[in-house]
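**Student:** Dropping the sequence and predicted coords here.
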Amino acid sequence: MDVYGEQAGLATITIDFSIRPIRGEFGEIEYLLPEGRNITERKQAEEEVARQSRELRVLNERLKELDRLKTQFFANVSHEFRTPLTLMLGPLEDALANAHGILPLGAAADLAASHRNALRLLKLVNTMLDFSRIEAGRVQASYQPVDLAAFTAELASNFRSACEKAGFRLTAPALIPEPAWASPSASGSSNAPAGASGLSPSSAEVQRFSLRSPAAKKSGTEPSEKPVFIFLAEDNPADAGLVRRALEEHGVEGELIVIADGEKAIRFIQALDHEAAPCPHLAIVGLNLPKKPGREVLERMRLSERCRHIPVVILSSSDAERDKADAARFGASRYICKPSKLDDFLSLGLIFKAGLSEPGR
């Protein structure tokens, strides 16, 4: 009950009233004793706790949103770092392979140091991406037996030189009788591929490229086989260039159409249903496309009368099992993770070439 009480009736206080019966000698109620307790401070404390609880819930929701944005940011940055690192490592490896007898020893040593540091940076990027996947709950551990003693000794050896300079002696661990079980990602390396996913999506229109094999470019001759038509949905120009190079280095000749976002890719597929234009012989689709994800592009292809039988290769920077399952569910012919090494990326041309003869699902 709220009543006017303190400060000459100017302050409102909260009173808890109760009535206690007073009984006589034989148990009969002789009179009722009213009691009143001022619980204003307790009520104010309860209201303050409720207010702070509401504010805390709001702050927790904001923190969850910030954590989600942070995870997405790190994942996108990691993907964007991988492509330039792949393009750096390829020329460095080629230069090191041909450096013997050509470059001075100092220059060759500098190239080797650059190569080591590029590999180290790639490993750090892979680790950062792994942590972002763990925080997002997109990593499912797959355990396998490992020699924990040998693994620990190898890991500790990285610190041996620093320990010796500081005057310490680094001792290898004792042998463990039974193999331990660990996730393959525990070594700090990652099989996650190079690539980009929407950090700075290209807004370029549909691009057309002629595919010519190295022999055809050198001789200037016409294609020896019937030209093919390949459709690529990829928002990263560097990755699109690597796909084009991989196709040409493995003798694929014809036309490559590159579309930089999922919305335009879907419109392109819809146009094929209403036009007499030829259908692609192969579609290569990335998952993390701007505007519309690759899985919607794949789903639209399987609903198209003219495109449903086209083999589709998903080329993604994600190695999540959920993404692979979604691709299989929507009828992808193959799922490929973008490699982190240039030679491995270029070798995908063989898979693309094999896909030209595969029926779509």
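**Tutor:** Received the coordinates, thanks.
**Student:** For stretch 328-347, what is the distance to the chain centroid?
**Tutor:** The chain centroid and the centroid of stretch 328-347 are separated by 15 Å under Cα atoms, centre = their mean, to the nearest Å.
**Student:** In contact with residue 88, which residues are there?
**Tutor:** By Cβ atoms under 8 Å, 6 or more residues apart in numbering, the contact list for residue 88 reads residue 118. From N, CA and C alone the C-beta is placed, and that goes for glycine too.
**Student:** Where does it fall, secondary structure wise?
**Tutor:** Here residue 88, judged by DSSP states H and E, is contained in helix 40-97.
**Student:** Output the below-cut-off pLDDT ranges for the stretch 251-361 of the chain.
**Tutor:** 275-276, 358-361 (pLDDT under 70).
**Student:** Now do the helices in it.
**Tutor:** 262-274, 294-303, 321-329, 342-346, 348-355 (DSSP state H, counting those that start in this stretch).
**Student:** now those in CSV, with distance to residue 167 and mean neighbour count?
**Tutor:** Output for these, formatted as CSV (distance: least, Cβ to Cβ, whole Å; neighbours: other Cβ atoms under 10 Å):
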stretch, distance to residue 167, mean neighbour count
helix 262-274, 59, 18
helix 294-303, 56, 21
helix 321-329, 48, 15
helix 342-346, 43, 18
helix 348-355, 50, 18
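**Student:** Select, out of the ones you listed, the one closest to residue 219.
**Tutor:** Closest to residue 219 of the helices of the stretch 251-361 of the chain is helix 348-355 (Cβ to Cβ; 19.8 Å).
**Student:** Against which helices or strands is the closest one packed?
**Tutor:** Applying 3 or more Cβ pairs under 8 Å, 6 or more residues apart in numbering; DSSP states H and E, one finds that helix 348-355 makes contact with helix 237-249, strand 282-285, strand 312-316, strand 334-337.
**Student:** Can you say which of these is nearest to residue 131?
**Tutor:** strand 334-337 (18.2 Å).
**Student:** What pairs with that closest one, parallel or antiparallel?
**Tutor:** The pairing partners recorded for strand 334-337 under DSSP bridges are strand 312-316 (parallel).
**Student:** How far away from the center of its chain is the partner strand?
**Tutor:** Relative to the centre of its chain, strand 312-316 is centred 16 Å away, using Cα atoms, centre = their mean.
**Student:** returning to what we had before: of all the helices of the stretch 251-361 of the chain, which one is nearest residue 215?
**Tutor:** helix 348-355 (14.3 Å).
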